[in-house]
Structure formats: structure tokens, C-alpha cells
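> My questions concern the predicted model and sequence given below.
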Amino acid sequence: VLSDMFCGFMISATKPFNIGDRIELDNGLVGIVKDITIRHVVLQGIDPLKINIPNSEINARTITNLSHKPKTRSIHFRFTVGLNSDPDQVKQVIQEAIRDSEHTVPRDEEEYSPVYFLAYMDNGLQMATTVYYTPDSPTEVVKDDVNSRVKRALDANNVEIPYNYITVTTPP
């Protein structure tokens with residue numbers, strides 16, 4: 001209790017976030033700050049449930065304040081495609097799908113981020129890009145839209161999306 005109270009004082013004094021800010025904790029929890037008390041912070045995620053997080057827990061975490069005066073926000077995406085895929089075709093398909101989203105914006109005045117072929121994976125080629133969007137678009141909406149558009153675009157262009165599978169055999 002004393003730790004939570006001391007950490008509550010520290011949060012109030014240093015103001016790493018305010019009520020109404022959208023924050024992301026290093027454990028993946030994302031939400032809008034609804035209340036800051038002496039003992040806990042109240043976050044609301046994408047559903048109507050509110051999460052009370054003890055101040056000592058918040059204070060021990062790395063916090064990304066997604067509302068800290070940005071013109072744009074960004075999300076890093078990784079997509080794995082089949083080993084036989086043409087990297088140049090895949091880059092173009094992914095970039096067009098991202099450009100077509102009403103939620104994405106160019107990283108500067110005119111250019112969207114490039115799509116990179118990062119690595120050979122066990123089951124495919126790993127492609128990656130950074131997507132930029134305005135603070136008025138919820139992060140989950142942007143992720144859903146971009147992932148859905150890229151999936152449909154890869155399917156439409158007959159680009160394989162590999163998955164792990166297990167072959168089970170029974171003894172005779």
C-alpha cells in the first residue's frame with residue numbers, strides 16, 4: 001500500500017501521462033487513462049472493461065505515451081510469406097494495401113515507408129514496414145485494417161502465407 005501511494009505521488013509529480021492519454025506498457029497492455037488515484041491507474045482497453053493497475057506496477061514498467069503531442073503515430077508490421085515468393089512483388093502488394101487504407105498516412109509529406117525483406121525464416125521470407133497514422137485513429141483499428149488489407153491483397157496475388165503444421169501418423 002505504501003509503495004503504491006509513493007508511486008502514485010511520483011506519477012502525479014512527474015506526469016508521464018495524463019487522463020485521456022493513450023499509453024502502452026511494455027507487457028503489451030494498451031489503453032486510455034481514465035483515472036489516476038493515489039493507489040492505482042485505471043485504463044480502458046478496446047472493450048468497455050476498465051483495468052485497475054497498481055501504481056507500483058505502472059512505475060516499474062516502461063511506458064510509451066502514444067498521445068504525447070505527436071503529429072503521427074507509427075506501428076511496425078512484420079509479414080511472413082512463402083519461401084518461393086517474389087520479394088519485389090510482395091513489397092509492392094503490401095505497400096499498395098497500406099496506401100489504400102483510409103487510416104494510414106505518409107511518413108513525411110509524400111512518401112509511405114518502404115517495405116523491407118528482412119530475413120529468411122524457417123518457413124518463409126520475413127517482410128517488414130512501419131505504418132504511420134494520425135492520433136485520432138485508434139491503434140487497434142489501424143492494426144485490424146492494415147492486417148486485413150494485406151491478407152486480402154496477398155491472397156488476391158496468390159502469395160502464400162505459410163503456417164506451422166504438424167503431421168500426425170498413427171502406428172499400423
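Yep, that arrived. Numbers count the residues shown, from 1 in each chain.
> just checking, what packs against the lengthiest helix in the chain?
In the chain, assigned by DSSP state H, the helix with the most residues is helix 139-156. Helix 139-156 sits against strand 73-81, helix 87-99, strand 125-133, with contacts defined as 3 or more C-beta pairs under 8 Å, 6 or more residues apart in numbering; DSSP states H and E. Glycine gets a C-beta too; all of them are placed from N, C-alpha and C.
> at 10 Å instead, please
strand 73-81, helix 87-99, strand 104-105, strand 125-133 (3 or more C-beta pairs under 10 Å, 6 or more residues apart in numbering; DSSP states H and E).
> The residue sitting nearest the centre point of the chain - nearest residue in space that isn't next to it in sequence?
For the chain, the residue nearest the mean C-alpha position is residue 75 (5.1 Å; C-alpha atoms, centre = their mean). Closest residue to residue 75 apart from its sequence neighbours, by C-beta to C-beta, 6 or more residues apart in numbering: residue 131 at 5.1 Å.
> okay, now that neighbour: neighbour count?
23 (other C-beta atoms under 10 Å).
> Identify the residues contacting it.
Residues in contact with residue 131 (C-beta atoms under 10 Å, 6 or more residues apart in numbering) are 72-77, 98, 101, 103-105, 107, 112-113, 142-143, 145-146, 150.
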